[in-house]
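**Student:** here's my sequence, what's the structure:
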Amino acid sequence: MVPLIPARLRPGDEIRIVSPSSSLAHIGGMQANLAAKTRLEKIRFHGHFWPTHR
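**Tutor:** This next block holds a predicted model:
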């Protein structure tokens, strides 16, 4: 089987931030985790939180 190697990320690409299956609240809630989104935006990526449906 040949390994699949995706293309490198480029500025403007979208990155999904996936929370644990239990809840984003268990790791500080949405406000506490906006730092991850801010860091991605500083290096010109688009960060989006993927909702947990539980």
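**Student:** and the one helix or strand G47 maps to, what's buried?
**Tutor:** Here G47, judged by DSSP states H and E, is contained in strand 46-50. Within strand 46-50, the residues that count as buried by 16 or more other C-beta atoms under 10 Å are G47. Placement of C-beta: from N, CA and C, glycine included.
**Student:** and what of stretch 36-54?
**Tutor:** Burial within stretch 36-54, assessed by neighbour count using 16+ other C-beta under 10 Å, is assigned to 37, 40, 45, 47.
**Student:** report the two of those residues separated the most.
**Tutor:** Greatest spatial distance in the buried residues of stretch 36-54: K37 and F45, 9.4 Å, computed using C-beta to C-beta.
**Student:** ok, which stretches of this protein are strands?
**Tutor:** For the chain, strands defined by DSSP state E occupy the ranges 14-18, 46-50.
**Student:** show residues contacting the first one.
**Tutor:** Strand 14-18 has contacts (C-beta atoms under 8 Å, 6 or more residues apart in numbering) with 9, 33, 36-37, 40, 45-50.
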